[in-house]
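Novice: structure, please.
(one chain, ligands or ions: 2)
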Amino acid sequence: MNYQFQFQPYQRPFKIPLKTAHGMWKMREGIILNLTDKQGNIGWGEIAPLSWFGSETMEDALTFCQQLPSCISIETIFTIPDYLPACQFGFESAFTELNPNTFLDINKLHYSELLPAGETVLTTWKTLFQQGAKTFKWKIGIDDITEEINIFQKLIHSITTTLSHSQAQKIHLRLDANGGLTFEQAQKWLEHCDLMNANQGLIEIEFLEQPLSIDQLDLMLELCDRYSTLLALDESVANLQQLNSCYQQGWLDIFVIKPAIVGSPKKLKNFCQNNEIDAVFSSVFETNIGQKSALKIASELLFYNRAVGFGINHWFTI
Ligand SMILES: O=C(O)CCC(=O)C1=CC=C[C@@H](O)[C@@H]1C(=O)O
Ligand SMILES: [Mg+2]
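Specialist: Ligands and ions are numbered 1, 2, ... in the order given. Alright, predicted model coming up:
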């Protein structure tokens, strides 16, 4: 079976630049592609590279698309090399849309809203809470740790006072350091998190995401032993090869999976069905085309019912 193939690059500016320990991200670039079969049915897919996470670059993805003929085979789709994980996702998503294997209900998913770094978190969280959000993620490891912990305490106070006047149940708060902490700073954050969780109050610190850099898995395993708050690997497991490696090295806490850059959905499904990992599925700020495919994968592979990190639409104007 062959498919007509078309692709179109896009650029999508963030409403406000996304500040992380990796730096400032102002513009999301990607490629929308479609496959048309002999009957004229069209399947859509998205290539959303995130090179500073370890995927191919936008240029690599564009070059790959440009060197393809206008008519491609299934063989081409399922032999895209592992060094092009975002392309693997984009093409397989379009193929799966044309050849759906199971009906997947993405309506049962609940979402985690990504909050901005710094002081603005104190107002943004409440707006999203009033719109029904119960799980939030906040970026840390960017500014001075004393300043960030000070804002963290204010955030906890703001949530506690707001919740005490409403019937809302527990709020889950996730912290994401993007590898920006030292071992000592991670310990300081985890002492605060364990204290919060020991109070069994209205707020649970669900996990601390990627506290250290990807070459410090041994120290992150050490942190898992010393503190009760869960840790999540993200940059450390950005693609399937890394995911498998960290699993083999004994990681038992949470794995953040970004379907749009992790690689072939078929290979991801094989991995998750052979290893019951505690996964959190996460966006890479793709458009609704990529999100739809990623959420279908999440609803099929989610083992524990953790919120999906796709509460990101408020970061864009359209
Ligand atoms: O995971 C989420 O809750 C939302 C997506 C998100 O936080 C990220 C997406 C892409 C790169 C990073 O800035 C960040 C992350 O590190 O998880
Ligand atoms: Mg992360």
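
Novice: for burial, what's the neighbour tally of the closest residue to ligand 2 within the chain?
Specialist: Scanning the chain for proximity to ligand 2 using Cβ to the ion identifies Asp234 as nearest, at 3.5 Å. Where C-beta positions appear, they are placed from N, C-alpha and C, glycine not excepted. Asp234: 22 surrounding residues under other Cβ atoms under 10 Å.

Novice: show me the contacts for it.
Specialist: 176, 178, 209-210, 256, 258, 282 (Cβ atoms under 8 Å, 6 or more residues apart in numbering).

Novice: make it 10 Å
Specialist: 53, 176-179, 209-210, 214, 254-258, 280, 282, 309 (Cβ atoms under 10 Å, 6 or more residues apart in numbering).

Novice: same check on Trp25?
Specialist: 14, 17-19, 50, 52, 285, 315.

Novice: just flag the most distant two among these.
Specialist: Greatest spatial distance among the contacts of Trp25 (Cβ to Cβ): Trp52 and Trp315, at 16.9 Å.

Novice: can you pick out the residue with more neighbours from those two?
Specialist: Trp315 (19 against 14).

Novice: okay, His22: pLDDT?
Specialist: For His22, the model assigns a pLDDT of 84.

Novice: going forward can the numbers begin at 868, since that is how I track them
Specialist: Right, with 868 as the first residue, what we last looked at is His889.

Novice: that one: how many residues sit nearby?
Specialist: Neighbours around His889, by other Cβ under 10 Å: 16.

Novice: tell me how far it lies from Gln1158.
Specialist: Going from His889 to Gln1158 by Cβ to Cβ, to the nearest Å gives 22 Å.

Novice: also Asp1120?
Specialist: Noted for Asp1120: a distance of 26 Å to Gln1158, by Cβ to Cβ.

Novice: same check, this time on Phe881
Specialist: Look at Phe881 and Gln1158: by Cβ to Cβ, they are 16 Å apart.

Novice: same check, this time on Leu1169
Specialist: Leu1169 is 15 Å from Gln1158, by Cβ to Cβ.

Novice: quick one, which of the two is more surrounded?
Specialist: Gln1158 (23 against 17).

Novice: three-state assignment of the more buried one?
Specialist: What DSSP: H, G, I helix; E, B strand; the rest coil gives for Gln1158 is helix.

Novice: excluding chain neighbours, what is closest to it?
Specialist: Phe1177 (6.2 Å; Cβ to Cβ, 6 or more residues apart in numbering).

Novice: ok so the one you found is a strand residue?
Specialist: Yes - under three-state DSSP, Phe1177 falls within a strand.

Novice: tally up the residues packed near it, please.
Specialist: Neighbours of Phe1177 (other Cβ under 10 Å): 21.

Novice: touching, it and Phe1148? I think so.
Specialist: Yes - Phe1177 lies in contact with Phe1148 (Cβ atoms under 10 Å); the separation is 7.5 Å.

Novice: between the two, which contacts overlap?
Specialist: 976, 979, 1161-1162, 1165.

Novice: wait, which of those residues is closest to ligand 1?
Specialist: Ser979 (4.9 Å; Cβ to the nearest ligand atom).

Novice: so the closest one is in which element?
Specialist: If you go by DSSP states H and E, Ser979 is part of strand 978-982.

Novice: just the CA trace of that strand, in CSV.
Specialist: Extracted in CSV, the C-alpha atoms of strand 978-982 (Å, rounded to 0.1, in the frame of the first residue of the first chain):
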residue,chain,number,x,y,z
TYR,A,978,-5.0,17.3,32.8
SER,A,979,-2.1,19.0,34.6
GLU,A,980,-1.8,22.7,33.9
LEU,A,981,1.7,24.1,33.4
LEU,A,982,2.2,27.2,35.5
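
Novice: what does the helix or strand that it is followed by rub up against?
Specialist: For strand 978-982, the succeeding helix or strand toward the C-terminus, using DSSP H and E, is helix 988-997. Helix 988-997 is touched from outside by 978, 980-983, 1000-1003, 1005-1006, 1015, 1018-1019, 1021-1022, 1024-1026, 1029-1030, 1033, 1035, 1038, 1040, 1178, 1181, with contacts defined as Cβ under 10 Å, 6+ apart.

Novice: quick one: buried residues of helix 988-997?
Specialist: 988, 991-992, 995-996 (16 or more other Cβ atoms under 10 Å).

Novice: which among those residues gets closest to ligand 1?
Specialist: For those, the nearest to ligand 1 is Leu995 (12.2 Å; Cβ to the nearest ligand atom).

Novice: return the distance of the closest one relative to Leu1030.
Specialist: Leu995 is 14 Å from Leu1030, by Cβ to Cβ.

Novice: then Phe1170?
Specialist: Taking Cβ to Cβ, one finds Phe1170 at 29 Å from Leu1030.

Novice: mind checking which of these two has more residues around it?
Specialist: Neighbours per residue, other Cβ under 10 Å: of Phe1170 and Leu1030, the larger number sits with Leu1030, 17 against 12.
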